[in-house]
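Asker: everything below, folded, please.
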Amino acid sequence: MESNGVAPPVYTASQLVEMSQAQLDALFRASPAGPIPDGEAEGTAIIAVDAEISELAAKVINLLVWKGKVFDAKQGNLRNMVSPLGIKAVIAEVYRGESWFDGKDCIVLDYSKTSLVAHWVRDEIREISPGLYLGIVFWDHDKLINFSLDFSHNQ
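Answerer: Just a heads-up that it's a prediction; the model follows:
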């Protein structure tokens, strides 16, 4: 419960896929960083163009390219689950830092020192519901797309 006695809304990955870019940006701005996650998360790519196109793109990306991430909070890193087989590859450092998006606290997924393939990539995440994080992908300093990470099956 929040201090005003009203519980914050609970979101799902499927709801996020249907949101506009403005709604996703507002939700990210309004959310706390939350704890650095630990364990396996199901990932959903969010390409906020049109709800129908975004849902189809999310399904194709999840089936063929990217399935999610596996975090090791103690080691401060993660591995992406890629390919239809969910191979654990593409490592990132994980730490709290200042968001490139809005300057507030976030959890940074930094590939600059750990990946030849993705060293231009930086992700930022914030917890928007218990066990559900909303993320932003940056290429260099350019904001590309959003994604969600769902840890609910770990709880």
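
Asker: hey, let's count contacts and neighbours off CA atoms from now on
Answerer: Noted.

Asker: and Ala26, that one's in a helix?
Answerer: Yes. The assignment for Ala26 is a helix, going by DSSP: H, G, I helix; E, B strand; the rest coil.

Asker: count of neighbours near it?
Answerer: Residues near Ala26, counting by other C-alpha atoms under 10 Å, number 11.

Asker: distance of the nearest residue to Lys104 once chain neighbours are set aside relative to Arg29?
Answerer: Excluding the flanking residues, the one nearest Lys104 by C-alpha to C-alpha, 6 or more residues apart in numbering is Glu98, at 5.4 Å. Per C-alpha to C-alpha, to the nearest Å, Glu98 is found 12 Å from Arg29.

Asker: which ones are touching Gly43?
Answerer: Listed by C-alpha atoms under 8 Å, 6 or more residues apart in numbering, the contact set of Gly43 reads Asn62, Trp66, Lys67, Gly68, Lys69, Phe147, Ser148, Leu149, Asp150.

Asker: now do Trp120
Answerer: Trp120 touches Tyr111, Ser112, Trp139, Asp140, counting by C-alpha under 8 Å, 6+ apart.

Asker: now swap in Glu98 and tell me
Answerer: Contacts of Glu98 (C-alpha under 8 Å, 6+ apart): Lys104, Asp105, Cys106.

Asker: buried subset of the contacts of Trp120 as a PyMOL selection?
Answerer: Selection of the buried residues among these in PyMOL, burial being defined by 16 or more other C-alpha atoms under 10 Å:
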select buried, resi 111+112
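
Asker: element containing Lys143, please.
Answerer: Assessed by DSSP states H and E, Lys143 sits inside strand 142-150.

Asker: mind giving me the packing neighbours of that strand?
Answerer: Judged by 3 or more C-alpha pairs under 8 Å, 6 or more residues apart in numbering; DSSP states H and E, strand 142-150 is in contact with helix 13-17, strand 39-46, strand 132-139.

Asker: parallel or antiparallel, which strands does it pair with?
Answerer: Its sheet considered, strand 142-150 pairs with strand 39-46 (antiparallel), strand 132-139 (antiparallel) by DSSP bridges.

Asker: so which of these is nearest Ser20?
Answerer: strand 39-46 (9.9 Å; C-alpha to C-alpha).

Asker: quick one: name whatever helix or strand follows the lowest-mean-pLDDT helix or strand in the chain.
Answerer: Of the helices and strands making up the chain, the lowest-confidence element is helix 51-64, at a mean of 70, by mean pLDDT, DSSP states H and E. Sequence-wise, the next helix or strand downstream of helix 51-64 (DSSP H and E) is strand 66-72.
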